[in-house]
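*Asks:* Got a predicted structure plus its sequence, pasted below:
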Amino acid sequence: MGLLRGHAQSPALDATFLPTPDEVVTAMLRMAHVGPGDVVYDLGSGDGRIPIAAVKEFGAARGVGIDLDPVRNAEARENARRAGVDTRVTFITQSLYDTDLRPATVVTLYMGLTVNLKVRPHLQAQLKPGSRVVSHVFDMGDWTADETSAINGRPVFLWTIR
């Protein structure tokens, strides 16, 4: 990988950055019933559109983006600043596998089946009952979703921690 916009070289990642379309972002947050009491964590947050939308459009208390790529996190911070939500949205450069998910009430992801299966035990062990997990395109293997939907042909899955 080369340099991007004068920033440091991006690390090797488990998933390629493909932005979630805005209509899917809205559907994911709506499906999770995001509201004022929620803390939304987006694993593999890329340009930050999900945590930003959670706070700006759905009134979430906080949004947290987790991404290994410092270039994407810098872009996300700037996007949050431009959206006027930078005091309520944070972007952390670290592995999603090392992230303490206990503060989250909603976790979103668009990572791939392999990553979903690898992070699933982490989600189930750390999230409190009633917390919601929403995945764009990829399911969680034999963990049956509580709700599924298709937005312009794109599958979205919701699980509630019990």
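*Replies:* Received, thanks.
*Asks:* Show me the strands in this protein, by range?
*Replies:* Across the chain, reading from the start of the chain, the strands by DSSP state E fall at 39-43, 62-67, 89-93, 106-109, 132-136, 147-151, 154-160.
*Asks:* Make a markdown table from these and add mean neighbour count and mean pLDDT to it.
*Replies:* No exception for glycine: its C-beta is placed from N, CA and C like everyone else's. Listed next are those as a markdown table, based on neighbours: other Cβ atoms under 10 Å; pLDDT from 0 to 100:
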| stretch | mean neighbour count | mean pLDDT |
| --- | --- | --- |
| strand 39-43 | 28 | 98 |
| strand 62-67 | 25 | 98 |
| strand 89-93 | 20 | 98 |
| strand 106-109 | 28 | 98 |
| strand 132-136 | 25 | 97 |
| strand 147-151 | 14 | 97 |
| strand 154-160 | 19 | 97 |
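*Asks:* what residue ranges in the chain score low on pLDDT?
*Replies:* Residues of the chain that meet the criterion pLDDT under 70 lie in 1-16.
*Asks:* Contacts only, for the spatially most central residue of the chain.
*Replies:* Geometric centre of the chain, nearest residue: residue 42, 1.9 Å, by Cα atoms, centre = their mean. Residues near residue 42 by Cβ atoms under 8 Å, 6 or more residues apart in numbering: 48, 50, 51, 54, 63, 64, 65, 66, 107, 108, 109.
*Asks:* give me that answer again for 10 Å
*Replies:* Contacts of residue 42 were listed using Cβ atoms under 10 Å, 6 or more residues apart in numbering, and they are 20, 25, 28, 48-54, 63-67, 76, 89, 91, 96, 104, 106-110, 134.
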